[in-house]
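Novice: coords please:
(one chain, ligands or ions: 1)
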Amino acid sequence: MAASFNPEEARVPRAVQMPTPPITKFKIGLCQLAVTADKERNIALARKAIEEAAQKGAQLVLLPEIWNSPYSNDSFPVYAEDIDAGSDSSPSTAMLSEVARLLKITIVGGSIPERCLDKLYNTCCVFGTDGKLKAKHRKIHLFDIDIPGKISFMESKTLTAGETPTIVDTEVGRIGIGICYDIQFQELAILYAARGAHLICYPGAFNMTTGPLHWELLQRARAADNQLYVATCSPARDAGAGYVAWGHSTLVGPFGEILATTEHEEATIISEIDYSQIELRRRVSK
Ligand SMILES: NC(=O)CCC(=O)C(=O)O
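Specialist: Sure, this is the predicted structure:
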């Protein structure tokens, strides 16, 4: 006998009570950076892009996954920084801290390879308007892929997986953090929504195989399912790199709508976030 299905019993309330954000409307800047093998240049370029975004009114700036180093297992150990050992050991995060403080903006600092004791992580640092480190997210789901003739990459060859979700209260609302492949795991986004996130930021470097298939789809799905904002930021595409990034940094609203996006070249997107849209979304479709 077929089991009967009662949609009323099956229905789970989706609308989660969210905390009142400190600000309802603000501009976000997504800096799609051209990453090179020259770390100092990468840091200088990131600084310039952040300053330009802030000049255009961005109160929150998001950087790409692995923006200070080429995205490769050979590079991760060479470019890795000890974030907890202070600014001398981590010029990349020292720069982020300084610009966040000087410009009084919140920075979700993409990710860099992090060295901690004998381990390496793919780590995102969040800085508040006072320049203080508010949170550190270590990529939980390492990207191991092998599609014959298309793409093969094993982050787990050099990196260790993070163990904890990261949700942080900032001057621009409650933000959940995921790094790239973390976006494939809906349960992480559900958890952030359940904990009252207004926005999930995913620095990410999808590639020429999975980018066209999944990048936009996943961002819109995470935003629409959880009725919140999703922001992503990729490195710009370098067709000559060992790993070719898809680009297409994007902001998606709580209805699953694309609010702003770009192609694959170096670019900074400035777009508005309006958290009253989350309430509206949750009122119209409980
Ligand atoms: N850097 C990454 O985690 C890439 C993830 C990706 O491309 C995917 O398909 O997922």
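Novice: any idea how far the closest residue to Arg281 other than its chain neighbours is from Met208?
Specialist: With sequence-adjacent residues excluded and distances taken as CB to CB, 6 or more residues apart in numbering, Arg281 is closest to Pro254, at 4.1 Å. Where you see a C-beta, it was placed from the backbone N, CA and C, and this is true even at glycine. Plainly put, Pro254 is 30 Å away from Met208 if you go by CB to CB, to the nearest Å.
Novice: same question, Glu52
Specialist: Distance, Glu52 to Met208, using CB to CB: 28 Å.
Novice: swap in Arg174?
Specialist: From Arg174 across to Met208, the span is 34 Å (CB to CB).
Novice: Just want to know which of these two has more residues nearby.
Specialist: In terms of neighbours (other CB atoms under 10 Å), Arg174 is the more surrounded of Arg174 and Met208; the figures are 21 against 16.
Novice: what residues are up against that one?
Specialist: For Arg174, the contacting residues are 18-19, 21, 167-168, 195-199, by CB atoms under 8 Å, 6 or more residues apart in numbering.
Novice: Show me what the helix or strand harbouring Cys125 is packed up against.
Specialist: Per DSSP states H and E: Cys125 is located in strand 119-127. Judged by 3 or more CB pairs under 8 Å, 6 or more residues apart in numbering; DSSP states H and E, strand 119-127 is in contact with helix 75-79, helix 91-103, strand 106-108, strand 112-116, strand 133-138, strand 166-170, strand 173-177.
Novice: quick one, which of the ones you listed is nearest to Thr261?
Specialist: Thr261 sits nearest to strand 106-108 of all the helices and strands packed on strand 119-127, at 17.8 Å, using CB to CB.
Novice: List of residues touching the closest one?
Specialist: 50, 59-63, 96, 99-100, 124, 126-129, 170-172, 175, 177, 201, 203.
Novice: quick one: the residue of the stretch 1-150 of the chain found nearest the ligand from Phe153, how far?
Specialist: Here the residue of the stretch 1-150 of the chain nearest the ligand is Phe143; by CB to the nearest ligand atom that distance is 3.3 Å. Relative to Phe153, Phe143 is positioned 6 Å away (CB to CB).
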